[in-house]
Structure formats: C-alpha cells, structure tokens
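[1] build me a model:
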Amino acid sequence: MSQNLISLVLSADQLTAIDGALATLEQNLSGLVALQPSQRRELYKMGEKSEQFGRQTLHVLTNNPQIVPPSLGLAEAQQDVAALDALRPRLQRMKQLVERGEDTETALGSDIMSTALEGYGLLKVSGKNQGLDGLRQELSSRFAKSRRVAEVPAA
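    Next up is the predicted model:
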C-alpha cells in the first residue's frame, strides 16, 4: 500500500486568497532589502551579545545627548531598533509558515514518488503483453545509471 503522508486540496478560492495575502505582504514589506553575498559578508553582524551591546550603547547615548554629535545618526539607529523589534515576530511567523510549507512540499513529493514506484513495479510485472513495453521503457530511464568516463591523464 502506498504511503499517504498528506492529503491536501487547495480550492480556487483558497489559492486566490493566498495570492492576495502574498501580494499584500509584498506591498507592505516593499521596504525590505536584498543584499548581495559580498555585501552580506562585509556587514557587521549582530548576534545576541552584539545586540545587547548595541541596545545598551544606544540607551546610554540617548540619556547623554551632550556627547552625541548630530552626524552620528542616533535617531536613525533608534528607528532601526524599533523597526527590528516590530519586524522580528512577523519574520518568525513567516519562517514557521515557510518551514511547514517546505515540509508539506516534501511530503507531497514523497507520496507521489511512493505511488509512482509502486505503479512502476506493477507495470514491470503486470504490464507485459498489455502494449505498455514502450512506456515502461521510457519510465525506466529514471533508473539508468550514468557511466563515469575515466579521465585520460595528460602525457
């Protein structure tokens, strides 16, 4: 018997609603940035300890404005903290949803492959003399092993 990890049916109305929700997210999160890998490598990273340091430093600077030159951009950094605090719980929810979506995608694919492999086995056994040899032969290409060509050493 084939496995059936999941049975999922998405109606046209559900798909329309999902697409609308995604469009709303894209519209409302249009301020998000996409960094190049080289940019990502060059940026300061803010782990737990660094975040604590950053928040404490901004707090001390806010409480001692007499030492802060206007060029430092303290107000912008404070806005960044507020934006980070507002964005994080929403990103966490989206990450959980994406993880569940990826797990569902994996389960659906596994269900398909399980049934397909069982069906292929049936074709091999019961499909003889049924005019299915050509189709079975086409399907067998999935199991064809690629031959490795040995490299000839340079003289």
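[2] distance of residue 32 from residue 26?
    For residue 32, the distance to residue 26 equals 9 Å [Cβ to Cβ, to the nearest Å]. Where you see a C-beta, it was placed from the backbone N, CA and C, and this is true even at glycine.
[3] show me what the helix or strand harbouring residue 134 is packed against.
    Assessed by DSSP states H and E, residue 134 sits inside helix 133-139. Counting contacts by 3 or more Cβ pairs under 8 Å, 6 or more residues apart in numbering; DSSP states H and E, helix 133-139 packs against helix 74-126.
[4] determine how far the helix or strand containing residue 23 lies from the middle of the whole chain.
    Element membership of residue 23, judged by DSSP H and E, is helix 12-28. On the basis of Cα atoms, centre = their mean, to the nearest Å, helix 12-28 sits 18 Å off its chain's mean C-alpha point.
[5] taking helix 74-126 as reference, get the angle to that helix.
    Counting by axes from the mean of the first three to the mean of the last three Cα atoms, to 10 degrees, helix 12-28 lies at 150 degrees to helix 74-126.
[6] alpha carbons only: can I get helix 12-28 in PDB?
    Taking Å, rounded to 0.1, in the frame of the first residue of the first chain, the C-alpha atoms of helix 12-28 are listed here in PDB:
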ATOM      1  CA  ALA A  12      -9.500  28.100  -6.400                       C
ATOM      2  CA  ASP A  13     -10.900  30.500  -3.800                       C
ATOM      3  CA  GLN A  14      -8.200  29.500  -1.300                       C
ATOM      4  CA  LEU A  15      -5.400  30.000  -3.900                       C
ATOM      5  CA  THR A  16      -6.900  33.400  -4.800                       C
ATOM      6  CA  ALA A  17      -6.900  34.300  -1.100                       C
ATOM      7  CA  ILE A  18      -3.300  33.100  -0.700                       C
ATOM      8  CA  ASP A  19      -2.200  35.000  -3.700                       C
ATOM      9  CA  GLY A  20      -3.900  38.100  -2.400                       C
ATOM     10  CA  ALA A  21      -2.300  37.700   1.000                       C
ATOM     11  CA  LEU A  22       1.100  37.300  -0.600                       C
ATOM     12  CA  ALA A  23       0.600  40.400  -2.700                       C
ATOM     13  CA  THR A  24      -0.400  42.300   0.500                       C
ATOM     14  CA  LEU A  25       2.700  41.100   2.200                       C
ATOM     15  CA  GLU A  26       4.900  42.100  -0.700                       C
ATOM     16  CA  GLN A  27       3.300  45.500  -0.900                       C
ATOM     17  CA  ASN A  28       3.600  46.200   2.900                       C
END
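[7] many thanks, have a good one.
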